[in-house]
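S.K.: A structural model of the following input is requested.
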Amino acid sequence: MSGPLVVVGDALLDIDVEGTAERLCPEAPVPVVDVGAEWRRPGGAGLAALLAARSAAEVVLVTAVGEDESGARLLDLLAGEVEVRALPLDGETPRKTRVRAAGQPIVRIDHGNGIASHESLDRSVISVLRKASAILVADYGRGVAAHPRIRELVGAAEAPVVWDPHPRGASPVPGAVLVTPNEAEAVKFAGEHGTPAKVAAALCREFGAAVAVTLGSRGAVLASGTGISTIPVPHGARVPTSVRPDTCGAGDRFASAATAALLDGAALPDAVRAAVESAARFVTAGAATTVSEPVGGARVPSFQGGVG
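M.R.: Numbering: from 1, shown residues only. So this is what the prediction gives:
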């Protein structure tokens, strides 16, 4: 197949506010943050699509965007790198603002309760899903992955489907090649505690698909019909133990890299191995900050890591 890598899911606008906190507010014992810089980037499925574009020649994002300022900013951040097929959104485009002082998170402020409308799909959305060479479902629990017609089209796709699930989202469609929860999500989905291998095996049986449980600096555990394997982070891609890394976006990088590798014809274990390494290098490089745009300035150098 020669179609695009298609990312399906809920896009957000992410904002990072960085500053210093050297005094407390007189009204309450909370820090006063003097803002030094503000950064914006696509979040959720938008970030997954932007990262997929580092590994695939053509990426199309199917998402729901509101007709508001946050939606316009989100589309602008994706322009030129990702083609967007926008669905209607009931409500405001979600926006998440993280406030940090000297690198320490202080608070996260969320705006927008928009949920994807389940109206009939535009013909262009149907066409791009049918032409996809690989599909990544980046579910953030806001309705795109639960759209009945989208689920029907993704489930019928001949292309490999990778499903990055969300605790408040939809179940993976039958026929997905790979499901990629992190360790905390996997425990919630399985409804039981145990070793990552045990939880991955339980989800593999439940979903009827291979499951890669991501474990951060410990790599991933892959459970499939052929057994269970642990895939560590390669030594050259490990974050130094003296560094406290920002891991924002690591799961999106893992899922997008695995999808790109499958698009290129990699076998499943090789795709997961490539995704582990790519996610580790992404975190080492600075994670989501490397694909963020400072307000009032030029975009910072982008993360250009491939799947390996």
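
S.K.: now for the top helix by length along the chain, which elements pack on it?
M.R.: Using DSSP state H to define each element, the chain has its longest helix at helix 268-285. Secondary-structure packing of helix 268-285 (3 or more C-beta pairs under 8 Å, 6 or more residues apart in numbering; DSSP states H and E): strand 178-179, strand 210-214, strand 220-224, strand 227-231, helix 250-263. To be clear about C-beta, it is placed using only N, CA and C from the backbone, and glycine gets the same treatment.

S.K.: right, and the ones you listed - which one's nearest A101?
M.R.: Nearest of the helices and strands packed on helix 268-285 to A101, taken as C-beta to C-beta: helix 250-263 at 22.7 Å.

S.K.: Now do that closest one, average pLDDT.
M.R.: Mean per-residue pLDDT for helix 250-263: 96.

S.K.: Output stretch 60-77 as PDB, nothing but the C-alphas.
M.R.: This file holds the C-alpha atoms of stretch 60-77, laid out as PDB (Å, rounded to 0.1, in the frame of the first residue of the first chain):
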ATOM      1  CA  VAL A  60      -2.900  12.700   8.000                       C
ATOM      2  CA  LEU A  61      -4.600  13.500  11.300                       C
ATOM      3  CA  VAL A  62      -8.300  12.800  11.800                       C
ATOM      4  CA  THR A  63      -9.500  14.700  14.800                       C
ATOM      5  CA  ALA A  64     -12.200  17.000  16.200                       C
ATOM      6  CA  VAL A  65     -11.400  20.700  16.400                       C
ATOM      7  CA  GLY A  66     -13.500  23.600  17.700                       C
ATOM      8  CA  GLU A  67     -14.100  26.800  15.900                       C
ATOM      9  CA  ASP A  68     -12.300  28.800  18.600                       C
ATOM     10  CA  GLU A  69      -9.000  30.500  19.300                       C
ATOM     11  CA  SER A  70      -7.400  27.300  20.700                       C
ATOM     12  CA  GLY A  71      -8.500  25.300  17.700                       C
ATOM     13  CA  ALA A  72      -7.100  27.900  15.300                       C
ATOM     14  CA  ARG A  73      -3.700  27.800  17.200                       C
ATOM     15  CA  LEU A  74      -3.700  24.000  17.200                       C
ATOM     16  CA  LEU A  75      -4.200  23.900  13.400                       C
ATOM     17  CA  ASP A  76      -1.600  26.600  12.900                       C
ATOM     18  CA  LEU A  77       1.000  24.500  14.900                       C
END
